[in-house]
Structures are given as C-alpha cells and as structure tokens.
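**Student:** Generate coordinates for the sequence data below:
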Amino acid sequence: MKFIESLSLFAGKYFAFFVVGIAVIAFLVPEPFLGFGSYIAILLGVVMFGMGLTLKPVDFKIVASKPLPVFVGVCAQFVIMPLVAFALAYILQLPAELAAGLILLGCVPGGTASNVMVYLAKGNVALSVAMTSLSTLLAPLVTPLLLLLLAGQWMPVDPVAMFTSIIQVIILPITIGFLIGKFFPKTVEKCISIVPLISVLAILIIVSAVTAANGENVVSAGFIVFVAVFLHNGFGLLLGYFTAVMLGLNENDRRAISIEVGMQNSGLGVALATAHFSPLAALPSVWGAIWHNISGPILATIWSKRPANEVRAETGAKKQKAVPTAGKL
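**Tutor:** Okay, the predicted model is just below:
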C-alpha cells in the first residue's frame, strides 16, 4: 500500500509532464488510442466518483459559516470565465466548433486539481474545496444555460440533453462516492491512497483519446487554440484575484478564488464537447487539461514562497505609512 501511495504522490506531482507526454505520443501514434474515445464519459465518471469518496460533510461547513467568499468565488467563476471565453472567441475569430469549445471550457465548474494547487499556494483550502463542490453541484443547471446563451450562435445547444449528461457523468458518481465514504469510512480509508492514481490515469486516457482523434486539427488549429486557452486561463487567474481584492477578502481567500476561477474541469469539457458538439470542439478542453496543470503549479510555487501572512503584514505597513500623523497635519 505504501508503494501505491508513493506512486500516487509521484503521479500527482508530475501530472503536467505526464499529460504533455501522453498528448505527444497520441499525436504521433494515434491508432492505439482511438478506441478510448467511446469511454470518455465513463472515465470522467470514475474521476468524479473519486472526488465523491474524498468529500465529507465538514467540507460544506464553510458555506454556512462564511458564505460570502464561497458565493463570490462561484459567481466570479460562472461570470468571468464564460464572458472571457466569449470575448476571446470573437477577438481571435475562432471557427464555430472551436469557439463553442472554448466557451464550453469557460462554462464548466472548477476542477479538482485546483484544491491541490491552493494547498501548495498556501491559500484557503477549505474555501477551495467548498467552491469546487458548489460549482460542480450547480453545473447541471448553470453550464447548459450559459452555453445556450453564449455559444448558441456558433453551434446548436440542447440544454436538456446537456443537463442529463452532467447529472449522469458528474452528480451521480459524486453522490455514490460520497455515500460510500459516509457509510463505509473504514473501507474507504484503506483504499483512498489509490484514488489519485486512478484519477490521473483516467485523465491521461481522456487526453490521449481526444488528441488521437484530432491529429490533423492539432496541426491546423493547435497554436491558435493554445493562445486562446493561455489567455483564458491568465485572465481567469488575474480577474479572480482582483475580484477578491475589490471585495476586501484576505490574501488566503484571494489565492483560493484566483486558482478556482482560473482552473476549470477540463475533463468535463472534453466529455460534453465530444458528446454534444464534435471532437474538434473538445480541443480547447484538451489544451486546458495540459495548460492548467502547468500554470497552476507555477503560480502555486511563486505564492508558496510568499506566505499569506507576510503579504498581509506588508499591506498593513503600507496602509500605516499612508495615514498622516497629527504632527504632520
């Protein structure tokens, strides 16, 4: 079991490198990976089941005790990311399928990897988990409606079918995992160390399947899609942080909201794009799976070297300096 635990930690630590590696391999030798395309929804369900196993009632306590940061973060995520994606699709003049795919990436909830990034960045992990959970639970309603509103001009959107897909692929597996964790905690505790490894393998297979199916598209549209995803993620991280600043939240909360807003559930984006649009529309989410797991660790590393209490101390000192004393009036 210790070996599996070490392997899981290793896979999580170097996840970005594995994603890039499998994408390159699938691009160069697509044939072995093409058959996995029909299992994308099942694989994502496995990832969400793993998320459900790790959830506990205490994870939702922050929603009741300190609701403002949670609701601010979730609202920012479902406002900033869809609108930035919509603007980029217009500015970059993306083809219809890629435009719809980028907006889909902007409309999905936060990804589970964001919780790890917030932990590494010395941010508010409880807030991060609460945001991921709440945005995921809201996704069946919010994601289809946002897509209908913003992507309907590029591709036909069936919100009812998409609602059903998200319930099947996201909500049911999470619920089953949560209930198993609640009623069989000792059993789950024994095998929980393997969950991250299974999730990593599932995401790698999803990325390989979509990359293999999009070999020609990666050559013709790969660069422009990467630019769109790069800008989308960057604006999300930046605007998420400054939204928290404007509302007067502390540095721990700012970091959590920034990462949560910027990092999307790209696996869900791939599954929904493949099922409801086309393999080409899944390309932005594939790039998202790669880039979000590069930018996240980079930002987390930078922030980890500046603990939030130091940032607060610096900010407080600047404010004190800015206030004139009575003798200087």
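**Student:** going forward, measure contacts between C-alpha atoms and count neighbours the same way
**Tutor:** Will do.
**Student:** ranges for the helices of the stretch 1-150 of the chain?
**Tutor:** 2-13, 15-28, 40-54, 61-65, 67-91, 96-107, 113-120, 125-150 (DSSP state H, counting those that start in this stretch).
**Student:** So for residue 274, which of those sits nearest?
**Tutor:** With C-alpha to C-alpha, the closest approach to residue 274 among the helices of the stretch 1-150 of the chain belongs to helix 40-54: 8.4 Å.
**Student:** Could you pull out the buried residues of that closest one?
**Tutor:** 40-54 (16 or more other C-alpha atoms under 10 Å).
**Student:** low pLDDT regions in the protein?
**Tutor:** The model of the chain has pLDDT under 70 over residues 1-5, 8-9, 11-14, 16, 59, 218, 307-329.
**Student:** on that earlier part again, output the helices of the stretch 1-150 of the chain as a markdown table; include the columns distance to residue 179.
**Tutor:** Putting these into a markdown table (distance: least, C-alpha to C-alpha, whole Å) gives the following:
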| stretch | distance to residue 179 |
| --- | --- |
| helix 2-13 | 23 |
| helix 15-28 | 28 |
| helix 40-54 | 8 |
| helix 61-65 | 17 |
| helix 67-91 | 24 |
| helix 96-107 | 27 |
| helix 113-120 | 21 |
| helix 125-150 | 15 |
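**Student:** and those, which is most packed in?
**Tutor:** Greatest average neighbour count among the helices of the stretch 1-150 of the chain goes to helix 96-107 (a mean of 29), per mean count of other C-alpha atoms under 10 Å.
**Student:** could I get it in PDB with only the CA atoms?
**Tutor:** C-alpha atoms of helix 96-107 as PDB (Å, rounded to 0.1, in the frame of the first residue of the first chain):
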ATOM      1  CA  ALA A  96     -17.600  27.800 -34.900                       C
ATOM      2  CA  GLU A  97     -16.600  24.500 -33.300                       C
ATOM      3  CA  LEU A  98     -13.500  25.900 -31.600                       C
ATOM      4  CA  ALA A  99     -15.500  29.000 -30.400                       C
ATOM      5  CA  ALA A 100     -18.200  26.700 -28.900                       C
ATOM      6  CA  GLY A 101     -15.500  24.500 -27.400                       C
ATOM      7  CA  LEU A 102     -13.700  27.400 -25.700                       C
ATOM      8  CA  ILE A 103     -17.000  28.800 -24.300                       C
ATOM      9  CA  LEU A 104     -17.800  25.300 -23.000                       C
ATOM     10  CA  LEU A 105     -14.400  25.200 -21.200                       C
ATOM     11  CA  GLY A 106     -15.400  28.600 -19.700                       C
ATOM     12  CA  CYS A 107     -18.800  27.400 -18.500                       C
END
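**Student:** okay, now residue 153: neighbour count?
**Tutor:** Other residues near residue 153 come to 13 when the count uses other C-alpha atoms under 10 Å.
**Student:** before we move on, what about the one 4 residues further on?
**Tutor:** Each residue near residue 157 was counted by other C-alpha under 10 Å, and the total is 20.
**Student:** any idea whether it is helix, strand or coil?
**Tutor:** Counting by DSSP: H, G, I helix; E, B strand; the rest coil, the backbone at residue 157 sits in coil.
**Student:** Against residue 227, how distant is residue 177?
**Tutor:** The gap separating residue 177 from residue 227 is 36 Å, by C-alpha to C-alpha, to the nearest Å.
**Student:** So which of these two has more stuff around it?
**Tutor:** Neighbour totals were compared for residue 177 and residue 227, and residue 177 leads with 21 against 15 (other C-alpha under 10 Å).
**Student:** can you map out the helices along the stretch 151-300 of the chain?
**Tutor:** Shown for the stretch 151-300 of the chain, the helices assigned by DSSP H, counting those that start in this stretch span residues 159-166, 172-183, 185-191, 195-213, 215-246, 251-262, 266-276, 283-304.
**Student:** that older thread, so which of the helices of the stretch 1-150 of the chain comes closest to residue 237?
**Tutor:** Going by C-alpha to C-alpha, the one of these nearest residue 237 is helix 67-91, 9.7 Å.
**Student:** returning to that earlier point: point out the most buried one among the helices of the stretch 151-300 of the chain.
**Tutor:** helix 251-262 (a mean of 28).
**Student:** and that helix, what does it pack onto?
**Tutor:** helix 67-91, helix 113-120, helix 125-150, helix 215-246, helix 308-322 (3 or more C-alpha pairs under 8 Å, 6 or more residues apart in numbering; DSSP states H and E).
**Student:** nearest to residue 300, of those?
**Tutor:** Closest to residue 300 of these, according to C-alpha to C-alpha: helix 113-120, at 5.5 Å.
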